[in-house]
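*Asks:* Give the three-dimensional model of this entry:
(2 chains)
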2 protein chains.
Amino acid sequence: MTENLKSPRRRQMLAGSASALAAAGAGAFALQARAQAPAAAAAASAAPAAPQAKPLPGYAAWKDSNSLIVHTSNTIETKRSAFGTSVITPGERLYVRNNLPPPDAAILANRDAWELWVDGVKNPRKLTLAELKSLGVETVATVLQCSGNGRGYFASKPSGTPWQVGAAGCVLWSGVPVRAVVEALGGVASGMRFMTGTGGEKLPDGVDPKTVVVERSLPLSAMGDALLAWEMNGAPLSLAHGAPLRLIVPGYSGVNNIKYLQRLAFAASESDAKIMSHGYRITPPGGKADPSQPSVLEMQVKSWVNTPGGEEPAKAGRTMVTGVAFSGGSPIKRVEVSVDGGRSWRDAKLVGPDLGKYAWRQFALPVDLAAGTHVIASRATDAAGNVQPEQRLENVGGYNNNSWADHAVKVTVA
Amino acid sequence: MTENLKSPRRRQMLAGSASALAAAGAGAFALQARAQAPAAAAAASAAPAAPQAKPLPGYAAWKDSNSLIVHTSNTIETKRSAFGTSVITPGERLYVRNNLPPPDAAILANRDAWELWVDGVKNPRKLTLAELKSLGVETVATVLQCSGNGRGYFASKPSGTPWQVGAAGCVLWSGVPVRAVVEALGGVASGMRFMTGTGGEKLPDGVDPKTVVVERSLPLSAMGDALLAWEMNGAPLSLAHGAPLRLIVPGYSGVNNIKYLQRLAFAASESDAKIMSHGYRITPPGGKADPSQPSVLEMQVKSWVNTPGGEEPAKAGRTMVTGVAFSGGSPIKRVEVSVDGGRSWRDAKLVGPDLGKYAWRQFALPVDLAAGTHVIASRATDAAGNVQPEQRLENVGGYNNNSWADHAVKVTVA
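*Replies:* Modelled structure (predicted):
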């Protein structure tokens, strides 16, 4: 029997029933939300609630519903138990987060005819996907992670989807390097400091487009390993994940990887679209978003345990602890595992192929668990020396949660 | 318009019609089958025939039928155009070759209860899959390739499925290293020279089990990187690919990766099952199979072009040539591409992540194709210095075809 220590479901349950509060030891739980180390070990136990199953939306009906938690038609999360141990997250199990509903599937009738405007280069012009395919091909494995992944563990209950660990996956992308496209168009025009991608979603009528368009600006350096991708995990890109063309910016969080890419522009300043100027900003508790605050860009060092877990009861004895670890673009150097909520740690082994600095690494550690309850946590360190912190950085939007204490799991074995 | 130079379909057409023979320049074709270099360039053109579509069998109904050629209910091939460029072959596009029909899906009702007999170790015993999972976990990317892949290009028309390039894929497997299991059981018993895996298929009634059982013996050294796998590409293994447990022997051809594994035995001699003693032997033309002939074991250096190709017409101008290259267990060091049937060669670039010596590498080379017909070939060299040969080694079973000339494609661009 496994339970996320701070699952949103549990919080709902606690909020909804005074007797449940008492039974679950809600005092300890509330305390734990801002507790000192070892925070995770202090949490009390509670009976898990079965997730409420919503159907997959039509554009994602091909996915494996058993592996997913459908929050809304545009927010679908991978279950912690569904990541497996084979590095790559299969498309059927990969999360979905759309800022707008996806375009009509008719845009895929002739993929090669899709047009991309490239601006802010010496020779700006429109290219078809067929032309892009002739300019180069590269493949990169990246962690794709929604900026709000782990938001469900924030005590402040930010608005937005209460993701646990599953708004993330490790995916193979194939496409043309942005560098190759820029080179073919004469290079970046002088004075440009940002790379801006614009999505091709249909915008709702009657509203200022700037308030709804999916458009993000990244520092020019992000161009380095960026791809314009038409393939994911060996198959043509799906509508759910941005077909026919998606901007992939390795190391940057999900929202920066623009789906249905219709414009790529190099510019002197950041886009003034609302999703850039006020969305995805790290706003201090109690504050309001503004463009002076840091934007959600490169991902930070993070890891979590995937097994033991799931819905099946675990047995006492030898158990394999497995999970994943990654950083923005620095290789993972070390993952430690604790089975006592952070009191003591042991080095896990990194297993499986290394798919490069933008991919996640799997880790594994065999442990002997006696009958009883154990709080299992993982803590990653990258090659740049960044260590996954115990506590999250509180912010209004609930972004960038990489707290190891928040991501710990409580496992009861018999 | 693309065509395999020696596609089985073309041969059928040639065999079936005298006028078609003349129209297709069958003299040149017949000559070419044993021609000197550059063999591929000598072949004449013929109109392609649309593949005859058969439905997927029930156990593989979840696969992507558009990416596959169904030969029979137990032999399903990936189309050359369906490999993509993302290194890993998605399960939906992966070939299937079963020597016997798969067991009933009921064997997956409780995967963890599946039992494996391990014999020929100091402490032989039965282990459940749950026990195996507690002993270790590793992930490896391997090329899985049927020994008969490329059989369709043999001029001798061997019996067996006329596979072209698609009885192969590159797949991620997760499971416990065989070494870890053997260690837990006290090590290999003395005098053992072979590792024998036995499949759990239901055997037909009324025949000697030895004549039908899927059982293969490998040299003890094959244990080194072997896995007992329960997961493929990040999802629980499917019945089509050997669930709940499959022996994965990196570098060895498909048949040696026993599905539905029910027994793993270390033994002093090879199995006397017919599939081992007489099946999968390299029998010289005109000969009969016998156990003194080499068995189909480690794979050899091989590559092929995947694009340009497919069913869409190509346009003259800049085109990206892409394909895959691998060897039995030696890293790929070099891939050359020819667009003139082997008269001249240029080095392609290896692209995408390197998933280790048992995986394939992608290669890419931009070429400028004038309007007309071009014969595109690739030739791989591994780190041990093995160079993919121009000609196949003729043998009765049609095994181990790694001829670059056989695998060339003829592309007509306008």
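*Asks:* Tell me what the most centrally placed residue in chain A is bridged to.
*Replies:* With distances taken as Cα atoms, centre = their mean, A:Q145 lies nearest the centre of chain A, 1.5 Å away. On the basis of DSSP bridges, A:Q145 is bridged to A:A168.
*Asks:* quick one: pLDDT of it?
*Replies:* A:Q145 is assigned a predicted lDDT (pLDDT) of 98.
*Asks:* what's it in contact with, if anything?
*Replies:* By Cβ atoms under 8 Å, 6 or more residues apart in numbering or on different chains, the residues touching A:Q145 are A:167-169, A:253-254, A:299. All C-beta atoms are positioned from the backbone trio N, CA, C, and that covers glycine.
*Asks:* Make sure A:P389 is actually in contact with A:W404.
*Replies:* Yes: look at A:P389 against A:W404 with Cβ atoms under 8 Å: they come within range, at 7.1 Å.
*Asks:* and stretch A:85-96, C-alpha only, in PDB?
*Replies:* Only the C-alpha atoms of stretch A:85-96 are listed here, as PDB (Å, rounded to 0.1, in the frame of the first residue of the first chain):
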ATOM      1  CA  THR A  85      12.300   1.400 -15.800                       C
ATOM      2  CA  SER A  86      13.200   1.700 -19.500                       C
ATOM      3  CA  VAL A  87      14.300   5.400 -19.500                       C
ATOM      4  CA  ILE A  88      12.000   6.400 -22.300                       C
ATOM      5  CA  THR A  89       8.300   7.200 -21.600                       C
ATOM      6  CA  PRO A  90       6.100   5.600 -24.200                       C
ATOM      7  CA  GLY A  91       3.800   8.100 -25.900                       C
ATOM      8  CA  GLU A  92       0.800   6.200 -24.600                       C
ATOM      9  CA  ARG A  93       1.900   7.000 -21.100                       C
ATOM     10  CA  LEU A  94       3.200  10.500 -21.600                       C
ATOM     11  CA  TYR A  95       1.400  13.400 -19.900                       C
ATOM     12  CA  VAL A  96      -0.500  16.100 -21.800                       C
END
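*Asks:* Look up phi and psi at the residue of the stretch 251-400 of chain A found nearest chain B.
*Replies:* Using Cβ to the nearest Cβ, A:G352 is the residue of the stretch 251-400 of chain A that sits closest to chain B, at 3.2 Å. For A:G352, the backbone dihedrals (degrees, to the nearest 10) come out as phi 80, psi 170.
*Asks:* Surely it is in contact with B:P177?
*Replies:* No: the pair A:G352 / B:P177 is not scored as a contact, 12.0 Å apart, by Cβ under 8 Å.
*Asks:* More neighbours: the two, which one.
*Replies:* Neighbour count, other Cβ atoms under 10 Å in any protein chain shown: between A:G352 and B:P177, A:G352 has more, with 25 against 20.
*Asks:* Give the rounded mean pLDDT of stretch A:282-301.
*Replies:* Stretch A:282-301 shows a mean pLDDT of 97.
*Asks:* chain center to that stretch: distance?
*Replies:* For stretch A:282-301, the separation from the chain centroid amounts to 16 Å (computed by Cα atoms, centre = their mean, to the nearest Å).
*Asks:* repeat for stretch A:399-411
*Replies:* Worked out by Cα atoms, centre = their mean, stretch A:399-411 lies 14 Å from the chain centre.
*Asks:* next one: stretch A:230-238
*Replies:* Counting by Cα atoms, centre = their mean, stretch A:230-238 is centred 19 Å from the centre of its parent chain.
*Asks:* Can you measure across it, start residue to end residue?
*Replies:* 9 Å (Cα to Cα, to the nearest Å).
*Asks:* again with stretch A:192-203
*Replies:* Counting by Cα to Cα, you get 27 Å between the two ends of stretch A:192-203.
*Asks:* and the stretch 251-400 of chain A, which residues reach chain B?
*Replies:* A:315, A:317-320, A:322, A:351-353, A:355-356, A:359, A:362, A:364, A:366 (Cβ under 8 Å from any Cβ of the partner chain).
*Asks:* Derive a ChimeraX selection command for the buried subset of those residues.
*Replies:* Here is the ChimeraX command that selects only those of these that count as buried (16 or more other Cβ atoms under 10 Å in any protein chain shown):
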select /A:319,320,322,351,352,353,355,356,359,362,364,366
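*Asks:* So which of the residues of the stretch 251-400 of chain A next to chain B belong to strands?
*Replies:* In strands, judged by DSSP state E, the following of those are found: A:317-320, A:322, A:351, A:362, A:364, A:366.
*Asks:* Could you export those residues as CSV, including pLDDT?
*Replies:* Output for those, formatted as CSV (pLDDT from 0 to 100):
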residue, pLDDT
A:G317, 93
A:R318, 93
A:T319, 93
A:M320, 95
A:T322, 97
A:V351, 97
A:Q362, 98
A:A364, 98
A:P366, 96
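*Asks:* possible to save those residues as a markdown table with distance to A:M192?
*Replies:* As requested, these are arranged in a markdown table below (distance: Cβ to Cβ, whole Å):
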| residue | distance to A:M192 |
| --- | --- |
| A:G317 | 60 |
| A:R318 | 57 |
| A:T319 | 53 |
| A:M320 | 50 |
| A:T322 | 44 |
| A:V351 | 42 |
| A:Q362 | 39 |
| A:A364 | 45 |
| A:P366 | 52 |
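*Asks:* now, which of those residues sits nearest A:K79?
*Replies:* Distance to A:K79, by Cβ to Cβ, is smallest for A:T322 among these, at 14.6 Å.
*Asks:* Show me the beta-bridge partners of the closest one.
*Replies:* Residues in a beta bridge with A:T322, per DSSP bridges, are A:T307, A:A364.
*Asks:* Quick check, it in contact with A:A364.
*Replies:* Yes: applying Cβ under 8 Å as the test, A:T322 and A:A364 come out as touching, 4.8 Å apart.
*Asks:* Now for these two: what residues contact both?
*Replies:* Joint contacts of A:T322 and A:A364 (Cβ under 8 Å, 6+ apart) are A:85, B:137.
*Asks:* Doesn't A:I275 lie inside a strand?
*Replies:* No: counting by DSSP: H, G, I helix; E, B strand; the rest coil, A:I275 falls outside a strand, being helix.
*Asks:* for it, what are its contacts?
*Replies:* Going by Cβ under 8 Å, 6+ apart, A:I275 touches A:99, A:213-216, A:255.
*Asks:* where does the stretch 301-414 of chain A have low pLDDT?
*Replies:* Where the stretch 301-414 of chain A drops to pLDDT under 70, the residues are A:310-313.
*Asks:* Give the helix, strand or coil label for the nearest residue to A:R111 once chain neighbours are set aside.
*Replies:* Spatial nearest neighbour of A:R111, chain neighbours left out: A:P244 (4.2 Å); criterion: Cβ to Cβ, 6 or more residues apart in numbering or on different chains. Look at A:P244: counting by three-state DSSP, its state is coil.
*Asks:* now A:P244: how far from A:E138?
*Replies:* Relative to A:E138, A:P244 is positioned 18 Å away (Cβ to Cβ, to the nearest Å).
*Asks:* Who has more neighbours out of those two?
*Replies:* The neighbour count for A:P244 versus A:E138, taken as other Cβ under 10 Å, is higher for A:P244 (24 against 21).
*Asks:* Hmm, A:E115 and the more buried one touching each other?
*Replies:* No: the criterion here is Cβ under 8 Å, and A:P244 misses it with A:E115 at 10.1 Å.
*Asks:* which residues are common contacts for those two?
*Replies:* Common neighbours of A:P244 and A:E115 (Cβ under 8 Å, 6+ apart) are A:L129.
*Asks:* got the contact list for the residue nearest to A:R111?
*Replies:* By Cβ under 8 Å, 6+ apart, A:P244 lies in contact with A:107-108, A:111, A:114, A:129, A:230, A:237, A:260.
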